[in-house]
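Colleague: A predicted structure for the sequence below; I have some questions about it.
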Amino acid sequence: MQFVSVRVITDDIARLVEFYERATGLQARWPAERFAEFAGASCTLAIGSAETMALFSAGAAVPGSNRTAILEFLVDDVDREYERLASLAPEIVQKPTTMPWGNRSLLFRDPDGNLVNFFTPRTEAARARLA
């Protein structure tokens, strides 16, 4: 088995895709009008319009209702990203902080309220976990 993507369902796909393009510096691919993807080296962030849920079971995913998942992105310099994102992110949840497991993390919310973590491993053990 291979974990390949996380999909976020939204009521405003254009707004959310634009936010992630600006936040990550990645360009979205649009395989369909109501579906976009940000392909990374290890995983893909997919963003689907709420209308795509009609292809699945009705009510299977409700936009803006999840407060348990964290979308995590490895970045070169969390502090530099914080300076850049301070005016872009609707809410900074936690300014850059070094966590007990060795990552320096910045937590913020996207326009739909999803929690996002930009992190940089700061210790040898934290870097080894990503190798």
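Modeller: Now that the structure is in, tell me what you want to look at. No experiment lies behind these values; they were computed from the predicted model shown.
Colleague: what about the strands in the chain?
Modeller: 5-10, 29-32, 35-39, 44-49, 70-74, 91-98, 103-109, 115-121 (DSSP state E).
Colleague: quick one: low-confidence ranges for the protein?
Modeller: Scanning the chain with the threshold set as pLDDT under 70 gives 57-59.
Colleague: buried residues in the lengthiest helix in the chain, which are they?
Modeller: Taking DSSP state H as the criterion, the chain has its longest helix at helix 13-24. Residues 13, 16-17, 19-20, 23-24 are the ones in helix 13-24 that count as buried (16 or more other Cβ atoms under 10 Å). For every residue, glycine as well, the C-beta is placed using N, CA and C.
Colleague: what residues does it touch?
Modeller: The contact list for helix 13-24 (Cβ atoms under 8 Å, 6 or more residues apart in numbering) reads 8, 10, 26-28, 34-36, 38, 45, 47-49, 73, 85, 88-89, 110-112, 116.
Colleague: repeat that with 6 Å
Modeller: 10, 28, 36, 38, 47, 49, 88, 110-111 (Cβ atoms under 6 Å, 6 or more residues apart in numbering).
Colleague: distance to residue 99 and neighbour count for those residues - can I get that in JSON lines?
Modeller: Listed next are the contacts of helix 13-24 as JSON lines, based on distance: Cβ to Cβ, whole Å; neighbours: other Cβ atoms under 10 Å:
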{"residue": "10", "distance to residue 99": "28", "neighbour count": "23"}
{"residue": "28", "distance to residue 99": "29", "neighbour count": "19"}
{"residue": "36", "distance to residue 99": "31", "neighbour count": "22"}
{"residue": "38", "distance to residue 99": "24", "neighbour count": "20"}
{"residue": "47", "distance to residue 99": "27", "neighbour count": "25"}
{"residue": "49", "distance to residue 99": "34", "neighbour count": "19"}
{"residue": "88", "distance to residue 99": "23", "neighbour count": "12"}
{"residue": "110", "distance to residue 99": "21", "neighbour count": "22"}
{"residue": "111", "distance to residue 99": "25", "neighbour count": "17"}
